[in-house]
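*Asks:* here is a sequence with its predicted model. Questions after.
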Amino acid sequence: MKKIFILLFAILLLAACSDEGEATENTGEENTDNTTENETDADTSEEAEQKKVYQIGETAVITSDLYEFDYEVTVNDFQLTKEVDGSTIDDYLSGAREEDVFAVVDITIKNISDESYVPNQMFSANFSGIDEDGGHTSYDEFFPEGDEELAPGDEVEGHLVYTTTTDYADAFLLKYEFTSDTETHFELPNPEK
């Protein structure tokens, strides 16, 4: 009887040692797979960081992250100015300094989806320095065209207006779908530099 227990114990011990060896081999394979997955994740992150940056005059096709429809945006012009549509910088900033200005981005938005929508209700664009996260949203009162329904195939032109200073940055970014996978940038060189 003792021989049977010793024999069973020996078999179990060998089986346990054999399983540990297989686990070690599998772990090695899994580590190789994880390394490949991590490299793939890193490649994906780098691609995300290297998003296309559009210039003035170029048209971007953008997918709404929240509503899942496509629209086109073209930046037609960019300027820094003290007055927009009869409003001065002093009307918006009390104690405005000499370098305080409006940043005016002239845009065209085209509805390339199959449903009508009101642009100002569906998306907005953030404005920041070239190397900054975040940004400011525009003053909607300067873009009343964006408050009207835009039918499929139609487009609307207007301007987005922000406040900044002439010496704030060498270039600015206009960011659509901010903080989403479809975030899209337009680079706007500072006309004062």
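*Replies:* The structure has been received and is ready for your questions.

*Asks:* flag every buried residue along the host helix or strand of I107.
*Replies:* I107 is part of strand 100-111, with elements assigned from DSSP states H and E. Residues of strand 100-111 classed as buried by neighbour count (16 or more other CB atoms under 10 Å): 100-105, 107, 109-111. Every C-beta, even on glycine, is put in place using the N, C-alpha and C of the backbone.

*Asks:* what's the neighbour count on Q121?
*Replies:* 11 (other CB atoms under 10 Å).

*Asks:* tell me how far Q121 lies from E157.
*Replies:* Going from Q121 to E157 by CB to CB, to the nearest Å gives 18 Å.

*Asks:* make that V53, sorry
*Replies:* V53 is 22 Å from E157, by CB to CB.

*Asks:* do I109 as well
*Replies:* 8 Å.

*Asks:* check F123 too.
*Replies:* 16 Å.

*Asks:* compare the two and say which is more crowded by neighbours.
*Replies:* Neighbours per residue, other CB under 10 Å: of F123 and E157, the larger number sits with F123, 20 against 13.

*Asks:* and the strands in the protein?
*Replies:* Assigned by DSSP state E, the strands in the chain fall at 53-54, 59-63, 70-81, 83-84, 87-88, 100-111, 125-129, 136-137, 155-165, 171-176, 184-189.

*Asks:* neighbouring contacts of the fifth one?
*Replies:* In this case it means strand 87-88. 82, 142 (CB atoms under 8 Å, 6 or more residues apart in numbering).
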